[in-house]
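Colleague: below are the sequence and a predicted model; questions follow.
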Amino acid sequence: MNEKYRVSSNPHIRARATTTTIMLAVIIALLPTTVVGILNFGMHALLLVLTTTATCVISELLFTKLMKKKTTIGDCSAAVTGLLLGLNLPPRAPWWIGVIGGVFAIIVVKQLFGGLGQNFMNPALGARCFLVLSFARIMTDFNTDTYTGATPLALLKAGERVNIYNMVMGKTAGTIGEVSMIAIVGGACFLLLLGVIDLRIPGTYIVTLILFLILFSGRGLDYDYIAGNLAGGGLMLGAFFMATDYVTRPITKRGQYVYGVLLGILTGIFRVFGSGAEGVSYAIILSNLCVPLIEKISWPKPFGRGGERA
Amino acid sequence: MSKSLERLYNGLIKENPTFVLTLGMCPTLAVTTSAKNGLGMGLTTMVVLALSNAFISLLRKVIPDKVRIPAFIVIIASFVTMMELLLEGYLPSLYDALGIYIPLIVVNCIILGRAESYASKNPVIPSFFDGVGMGLGFTVALTLIGLFREILGSGKIFGYTVMPESFVPVSIFVMAPGAFFVLAVLTAVQNQIKLKAAAKGKDVSKIGSGCAGGCDKCDLTGCVSRQFYDPKAVGSVEQAALKREEKGGAKDE
C-alpha cells in the first residue's frame, strides 16, 4: 500500500493543457507557413516577423511592469499575437510598421481591456486593421523582387484566371504568412490532432463562404473561382488561426456555428460586393464584436427551465 | 464679478463640457480633423452659447414652464442661423469645412443643457459668463483634439507642415477612430491631473469635476462607483441628492 489517499476539493481530473502549452502548440503550427513566407520573400520577412514578435513581448512586459500587474509574457500569448501580426504584414513593409502594430495590438487592443482573456477583439487583427487604415499605401503594396503585380484575389475580382497550384504552394504575392495554403492547412491539422482547435468554426466559415460565392458571386459553380477564393488571401490563416482564438470566439457550440456562418457571410459580402479584394480581417473583427450578442442567443438553458408550463 | 469669474473657471476646468460632462460628442468627434476646424467650431458654439444663455435668462420669467424647451430651441436656432449666415459670408472656407455641423449646433446638448440647468434659473450676467465659460471649455477641448489629430494624421499644425519630411502620416487619426483615441487619451490625462491634485488633499469638488474619481472622499452615497470603495454606502441616487440638498450643497442650480 504505497499509494496515498489525497483529500482535495474538486476538480479531481485535470487536463494537462495550460495556456502556455496551447500557445506553444499554436506557435509550432504556425512555423511551416512562417518558413514558407521567409523562403519566399527573403530575410526582410524574417526581420519583420521577429520585430513584431519582439515588440509584442516587450510591450506586454513593460505594460504589466508599469501597471504593477503580474507579468504574463511567460504564457506566450504575446508571442503568438506578434507572430500572427508579422504573418499579416506585406513582405516589404518597413520595420517601424511592425513596431507600431505590435504596440497597438498589445497595449490598446489587449492590455487596456484587461489583458489575456479580456480583449474583445483579436489583437493581431485589430492592429492589422489599424495599420491598413493608417498606412493604406504601405499595407497594400505586395510587390517584391520575386512577385509583382496584383494579388490573386485582385485578379479574381477583375475576372481573370489564377494559377491555383501556385497559390496552394505559396508561390504568389500576398502577406508573409497567407500565401501557402498547404503550409497553413498542415499546421492547422497539427492543432486539430492535438485538439487545440476543432473544425466547428473553420468548417462552418469555409462552407458558408463557398455557398455564398455560388449564390451571389454571379459566377455560379465556377470551380476555379471558388478554389481561388479559398486558397487566396487570408482565408485559411484567418479561419484556422484567428477566428478560433479562444478569447474572442463564442463559448457555446451553437454559438460557434452562428459565428462561423456570420464570418462566411461577411467575408463573402466584402469580397464580392466590397471595393477591396480582401475582407477576412474585417469579417473576423466584426464578428468578434458580435460575440456577446451571439452568446446571448445561444446560451444553453438549464434543465427544467424555460419552455411551456404544463 | 467673482461670480462671473467662477462661471468661466467652472466651464473651462471644473465642468469642462467635453472632458468632464462629455456633452456635445457629435461635433467633438466629427469636425476635429484639424485644429482650425476645432477652433472654428468651438468659437461658433461659444458665441451661440453665450448669446442664447443671456437671452434665455432675460426671458426666463416670461417663458411658461410647459413650453420652455420649444422656446429655448427657437432662441438657439435664431442665433445659429445668424452665425451660419455670418460664416457663409465672411469665412466661406470654414463654412465649407464645417458643413452640416453648423446648423446642427441647434441640437448641441451643451447649449440646451446650459439653458435648462443654468440660464433658466439665474440672472443675465452670470448666465452670459456661464455660456462664455462653457464655450471656452468646448473651444479649448476641440482645438486640443484637432491639434493632436492634425499633427499625427497629416503632420501639420493649423495647416502648416511641422513634421519632418520622413514622417509618414498616420491617417487613421483624421478618420473617425482617431477622434475616439485622442478624446479618450486627453480625458484620461485631465482626470490624472485632477486626481493628483485630489491626492494632495485638495477638495475634489473644488478643483474637480462632475465626477472624475476621488471616490474615497465623496459623500454621494448612491453612486455606483462609490459603492465599489465602500460597500456599506448603499442608497439610491435620489436619496443622496436629497441629502445633498438638505446640506444646502446645491450650489450649481
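Modeller: Here it is on my side, so go on.
Colleague: tell me the contacts of A:Asp145?
Modeller: A:Asp145 sits next to A:Gly42 when contact means Cβ atoms under 8 Å, 6 or more residues apart in numbering or on different chains. Any C-beta I mention is one placed from the backbone N, CA and C, and that applies to glycine too.
Colleague: helix, strand, or coil at it?
Modeller: Three-state call for A:Asp145 (DSSP: H, G, I helix; E, B strand; the rest coil): coil.
Colleague: show me the helices in the stretch 201-310 of chain A, by range?
Modeller: A:223-231, A:235-237, A:253-273, A:280-298 (DSSP state H, counting those that start in this stretch).
Colleague: got it, and chain B?
Modeller: Listed in chain order, the helices of chain B (DSSP state H) span B:2-9, B:25-30, B:35-58, B:68-90, B:92-98, B:109-117, B:124-154, B:176-199, B:204-207, B:224-229, B:237-246.
Colleague: how about TSV for the ones you listed, with mean neighbour count and mean pLDDT added?
Modeller: Formatted as TSV, the helices of chain B follow (neighbours: other Cβ atoms under 10 Å in any protein chain shown; pLDDT from 0 to 100):
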stretch	mean neighbour count	mean pLDDT
helix B:2-9	14	86
helix B:25-30	19	90
helix B:35-58	23	94
helix B:68-90	16	94
helix B:92-98	15	90
helix B:109-117	21	90
helix B:124-154	23	93
helix B:176-199	16	86
helix B:204-207	16	46
helix B:224-229	13	48
helix B:237-246	13	55
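Colleague: nearest to chain A, of these?
Modeller: Comparing the helices of chain B against chain A with Cβ to the nearest Cβ, the closest turns out to be helix B:176-199 (7.1 Å).
Colleague: next, the angle from that closest one to helix B:124-154.
Modeller: Helix B:176-199 and helix B:124-154 meet at an angle of 120 degrees, taking axes from the mean of the first three to the mean of the last three Cα atoms, to 10 degrees as the criterion.
Colleague: what packs against helix B:176-199?
Modeller: helix B:25-30, helix B:124-154, helix B:204-207 (3 or more Cβ pairs under 8 Å, 6 or more residues apart in numbering or on different chains; DSSP states H and E).
Colleague: how about the residues of chain B near chain A?
Modeller: Contact residues, chain B versus chain A (Cβ under 8 Å from any Cβ of the partner chain): B:168, B:170-173, B:175, B:177, B:181.
Colleague: looking at those, which is nearest A:Val291?
Modeller: Lowest distance from A:Val291 to those (Cβ to Cβ) belongs to B:Pro177, with 19.9 Å.
Colleague: show me what from chain A comes close to chain B.
Modeller: Neighbours of chain B within chain A, by Cβ under 8 Å from any Cβ: A:100, A:108, A:130, A:133-136, A:138.
Colleague: which of these has the most neighbours?
Modeller: Highest neighbour count within the residues of chain A next to chain B, by other Cβ atoms under 10 Å in any protein chain shown: A:Ser134, with 25 neighbours.
Colleague: which ones are touching that one?
Modeller: By Cβ under 8 Å, 6+ apart, the residues touching A:Ser134 are A:100, B:170-173.
Colleague: for it, give its distance to A:Ala127.
Modeller: Counting by Cβ to Cβ, to the nearest Å, the gap from A:Ser134 to A:Ala127 is 10 Å.
Colleague: got it, and B:Asn108?
Modeller: 35 Å.
Colleague: quick one: which of those two has more around it?
Modeller: A count of neighbours by other Cβ under 10 Å puts A:Ala127 above the other of B:Asn108 and A:Ala127, at 31 against 25.
Colleague: I figured that one hits A:Ile97, correct?
Modeller: No: using Cβ atoms under 8 Å, A:Ala127 makes no contact with A:Ile97, being 10.0 Å away.
Colleague: quick revisit: in TSV, list the helices and strands packed on helix B:176-199 along with distance to A:Leu192.
Modeller: Formatted as TSV, the helices and strands packed on helix B:176-199 follow (distance: least, Cβ to Cβ, whole Å):
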stretch	distance to A:Leu192
helix B:25-30	44
helix B:124-154	43
helix B:204-207	56
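Colleague: which one of those helices lies closest to A:Thr53?
Modeller: Nearest to A:Thr53 among these is helix B:124-154; the distance by Cβ to Cβ comes to 25.7 Å.
Colleague: quick check: angle from the closest one to helix B:109-117?
Modeller: Interaxial angle of helix B:124-154 relative to helix B:109-117 (the same axes, to 10 degrees): 160 degrees.
Colleague: what packs against helix B:124-154?
Modeller: helix B:2-9, helix B:25-30, helix B:35-58, helix B:109-117, strand B:156-157, helix B:176-199.
Colleague: tell me the strands beside the shortest one, with direction?
Modeller: Right, the one you point to is strand B:156-157. strand B:160-161 (antiparallel) (DSSP bridges).
Colleague: give me the mean pLDDT for the partner strand.
Modeller: If you average the pLDDT over strand B:160-161, you get 86.
Colleague: which residues are contacting it?
Modeller: Against strand B:160-161 from outside (Cβ under 8 Å, 6+ apart): B:Gly155.
Colleague: ok, the spatially most central residue of chain A to chain B distance?
Modeller: When Cα atoms, centre = their mean is applied to chain A, the residue found nearest the centroid is A:Met242 (1.9 Å). As defined by Cβ to the nearest Cβ, to the nearest Å, A:Met242 lies at a distance of 20 Å from chain B.
Colleague: does that residue touch A:Leu83 like I think?
Modeller: No: between A:Met242 and A:Leu83 there is no contact under Cβ under 8 Å: 11.5 Å.
Colleague: returning to what we had before: save the helices and strands packed on helix B:124-154 as CSV, and put in distance to B:Val80 too.
Modeller: Output for the helices and strands packed on helix B:124-154, formatted as CSV (distance: least, Cβ to Cβ, whole Å):
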stretch, distance to B:Val80
helix B:2-9, 22
helix B:25-30, 12
helix B:35-58, 6
helix B:109-117, 9
strand B:156-157, 29
helix B:176-199, 23
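Colleague: which one of these lies closest to A:Gly195?
Modeller: Closest of the helices and strands packed on helix B:124-154 to A:Gly195 is helix B:176-199, at 37.3 Å (criterion: Cβ to Cβ).
Colleague: the closest one: how far from the chain's middle?
Modeller: Chain-centre distance of helix B:176-199: 14 Å, with Cα atoms, centre = their mean, to the nearest Å.
Colleague: before we move on, what about stretch B:127-136?
Modeller: Its chain's C-alpha centre and that of stretch B:127-136 lie 10 Å apart, by Cα atoms, centre = their mean.
Colleague: on that earlier part again, so can I have a markdown table of the residues of chain A next to chain B showing distance to A:Ser217?
Modeller: Listed next are these as a markdown table, based on distance: Cβ to Cβ, whole Å:
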| residue | distance to A:Ser217 |
| --- | --- |
| A:Ile100 | 35 |
| A:Val108 | 36 |
| A:Phe130 | 30 |
| A:Leu133 | 26 |
| A:Ser134 | 31 |
| A:Phe135 | 30 |
| A:Ala136 | 25 |
| A:Ile138 | 30 |
